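Engineer: Task: produce atomic coordinates for the following.
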Amino acid sequence: MAEKVSPESLAEKVREYSFPRCAGSEGDKKIRDGIVKEWSSLKEQNPGTDCEIKQMEFSYAEDTPRVLKGIFVAFFTFSVVLDTYFLFFVEQKPYCYLPVLFGVLILTGVLSGTRWNRWIDRFYARRSSNEINSANVEAVIKPSGKSAEKTIIFMAHHDSKSQAIGFLTRFYAAGLIFSLTLLVSVYSIVYAGYIGQAMLNWNANIQIWVLRVNILVVIAALLLNVLSAVFYYVRSGNFSPGAVDNASGLAVLNALFEKYVQSPPEGLNLRFVATGAEEEGLIGVVKYINETEKELDKKNTVFVNLDSVGGTGAVLAVDRYGIPQIRTASELTGDLKKAAKSVNIVFRSMYSPAGAGYDSLPVSHRGYEAVTLTNCKFDKTLHDIHSKNDKPENISADGLFRVYQLCTALVGSKCNQ
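Structural biologist: Just a heads-up that it's a prediction; the model follows:
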């Protein structure tokens with residue numbers, strides 16, 4: 001059957017998918033019902049393909065995102081307040097050394113926040129009187145001919161959200177919070193040693209400079225709490241069309257399904273998953289992996305997440321994140337590099353120190369190789385994400401097509417391994 005996918009058809013699909021659709025809204029139900037209807041129609045047109053399509057419904061407590069953020073802010077505020085008290089108002093031993101403890105607690109808490117934690121998975125299972133309902137949509141295509149061991153799972157989240165603070169503003173604010181937190185915690189550890197050992201023996205000039213630095217650190221600590229509260233508690237809404245984030249990923253996901261439901265690859269299982277509630281803390285993908293993990297072979301299953309694609313730059317694979325760094329894929333990244341070279345696509349792997357919320361993170365934490373493909377540049381397009389200005393006009397049709405080509409080249413290379 002002739003290839004139907006083109007840059008123009010991908011861009012048109014982005015326009016079709018671009019409407020407000022935060023988790024639990026009518027738009028959320030509309031997008032997933034539309035995906036099921038479209039995929040089911042394509043399946044019916046190809047009755048010879050072994051394909052199963054289903055909606056995997058789930059629910060979660062409405063206050064889950066706020067409670068998670070609240071735990072972090074409460075822990076941080078408690079630690080900073082006690083740290084500041086013991087640092088500047090308690091000079092007698094051994095209490096003057098307590099800032100060392102709180103400095104370590106703050107540092108550990110912030111660094112652990114850059115990495116996925118299994119306890120978050122368990123937290124998502126909590127029940128509430130106010131539940132949000134959403135669903136993942138999954139299509140499973142089994143190979144033509146004999147059964148296969150290897151599986152590629154392509155994912156893209158289908159929900160969107162809007163926020164009062166722009167994405168880039170939030171990005172830079174998060175960087176400032178992180179930097180100030182490191183300053184407060186490290187300074188607390190160093191200064192506690194100074195208080196305990198040398199305070200009364202240092203000359204007046206040194207003590208004056210230390211006092212000035214102390215004042216700056218206190219101001220930084222207060223600023224941290226204000227920024228943390230604003231950053232974590234500005235409520236999200238349902239005004240973003242979500243073209244870049246993430247109708248773009250859905251468009252590529254749909255095109256991949258259309259291609260392989262017509263012509264299943266030999267010797268390779270394919271799954272296509274449109275995840276829900278990604279914007280609420282990757283809830284949908286956690287629900288998905290909880291439900292399907294027993295079916296999947298960790299050694300032979302890889303995940304490729306499509307998020308905010310359709311930019312003009314190189315195709316990026318986020319395969320490292322967190323502090324200290326965690327690698328989410330090695331062999332898969334190598335396969336993508338070879339696939340990109342075979343179709344003459346500029347490709348790079350990328351490290352995300354702060355551990356931005358990608359659907360690839362929870363599955364990599366379970367032991368699967370997983371990457372997130374993106375190519376959204378730091379420009380107005382990125383600034384408009386999570387706002388009413390995240391429109392189809394921000395998408396590069398050629399950028400979408402490059403990501404599609406890379407994914408099909410990956411499938412081809414996996415079939416030949």
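
Engineer: Could you look up the SS state of residue 389?
Structural biologist: Going by DSSP: H, G, I helix; E, B strand; the rest coil, the secondary structure assigned to residue 389 is coil.

Engineer: Got the domain ranges for this protein?
Structural biologist: Using automatic domain parsing, the domain ranges for the chain come out as 7-62+131-162+240-415, 66-116+167-233.

Engineer: The longest one - what's its average pLDDT?
Structural biologist: Same thing as domain 7-62+131-162+240-415. Here domain 7-62+131-162+240-415 scores 94 as its mean pLDDT.

Engineer: Next, the distance between the ends of it.
Structural biologist: End-to-end distance for domain 7-62+131-162+240-415, by Cα to Cα, to the nearest Å: 25 Å.

Engineer: distance between that domain and the chain's centre?
Structural biologist: 12 Å (Cα atoms, centre = their mean, to the nearest Å).

Engineer: ok, the closest residue to residue 142 other than its chain neighbours - contacts?
Structural biologist: The shortest distance from residue 142 to any residue other than its chain neighbours is 4.1 Å, reached at residue 50 (Cβ to Cβ, 6 or more residues apart in numbering). Every residue, glycine included, has its C-beta placed from N, CA and C. Applying Cβ atoms under 8 Å, 6 or more residues apart in numbering to residue 50 gives the contacts 141-142, 264.

Engineer: Next: residue 256.
Structural biologist: 154, 272, 404, 407-408.

Engineer: which SS class is residue 98?
Structural biologist: Residue 98 ends up helix, using three-state DSSP.

Engineer: from memory it sits against residue 191, does it?
Structural biologist: No - look at residue 98 against residue 191 with Cβ atoms under 8 Å: they stay out of range, at 11.9 Å.

Engineer: which of those two has more neighbours?
Structural biologist: residue 191 (21 against 17; other Cβ atoms under 10 Å).

Engineer: For the more buried one, give its distance to residue 109.
Structural biologist: Residue 191 sits at a distance of 19 Å from residue 109 (criterion: Cβ to Cβ, to the nearest Å).

Engineer: With respect to residue 175, which of the contacts of residue 50 is nearest?
Structural biologist: For the contacts of residue 50, the minimum distance to residue 175 (Cβ to Cβ) is 41.3 Å, reached by residue 141.

Engineer: tally of neighbours for the closest one?
Structural biologist: 24.

Engineer: For it, which non-adjacent residue is spatially closest?
Structural biologist: residue 270 (4.5 Å).

Engineer: ok, how many other residues are close to that neighbour?
Structural biologist: Residues lying near residue 270 (other Cβ under 10 Å) number 25.

Engineer: Of all the residues in the helix or strand where residue 109 lies, which ones are buried?
Structural biologist: Taking DSSP states H and E as the definition, residue 109 sits inside helix 98-112. Within helix 98-112, the residues that qualify as buried are 98-103, 105-107, 110-111, counting by 16 or more other Cβ atoms under 10 Å.

Engineer: And for stretch 391-411?
Structural biologist: Applying 16+ other Cβ under 10 Å to stretch 391-411 flags 391-392, 394-397, 399-411 as buried.

Engineer: what do you get for stretch 55-68?
Structural biologist: Judged by neighbour count using 16+ other Cβ under 10 Å, the buried positions of stretch 55-68 are 55-56, 58-62, 64-65, 68.

Engineer: From these, which land in strands?
Structural biologist: 55-56, 58-61 (DSSP state E).

Engineer: Which of the contacts of residue 50 fall in strands?
Structural biologist: Using DSSP E, the contacts of residue 50 in strands are residue 141.

Engineer: Just name the closest of the contacts of residue 50 to residue 306, please.
Structural biologist: Nearest member of the contacts of residue 50 to residue 306, counting by Cβ to Cβ, is residue 141, at 16.8 Å.

Engineer: Report the beta-bridge partners for that closest one.
Structural biologist: residue 51, residue 270 (DSSP bridges).

Engineer: What distance do you get for residue 280 to residue 165?
Structural biologist: Counting by Cβ to Cβ - residue 280 and residue 165 are separated by 17 Å.

Engineer: The two: who's more crowded?
Structural biologist: Comparing residue 280 with residue 165 by other Cβ under 10 Å, the one with more neighbours is residue 280, at 23 against 14.

Engineer: So the more buried one sits against residue 66, correct?
Structural biologist: No - with contact defined as Cβ under 8 Å, residue 280 does not count as touching residue 66 (10.1 Å).

Engineer: ok, how many other residues are close to residue 350?
Structural biologist: So residue 350, with other Cβ under 10 Å, has 15 neighbours.

Engineer: Assumed it was part of a strand.
Structural biologist: Yes - assessed with three-state DSSP, residue 350 lies in a strand.

Engineer: Kindly state the beta-bridge partners for it.
Structural biologist: Bridge pairing for residue 350 - DSSP bridges - gives residue 318.

Engineer: so who does it touch?
Structural biologist: So residue 350 contacts 316-320, 374 (Cβ under 8 Å, 6+ apart).

Engineer: Residue 62 now?
Structural biologist: Residue 62 neighbours (Cβ under 8 Å, 6+ apart): 128, 130-132.

Engineer: Could you double-check that residue 8 lies in contact with residue 397?
Structural biologist: Yes - the pair residue 8 / residue 397 is scored as a contact, 6.1 Å apart, by Cβ under 8 Å.
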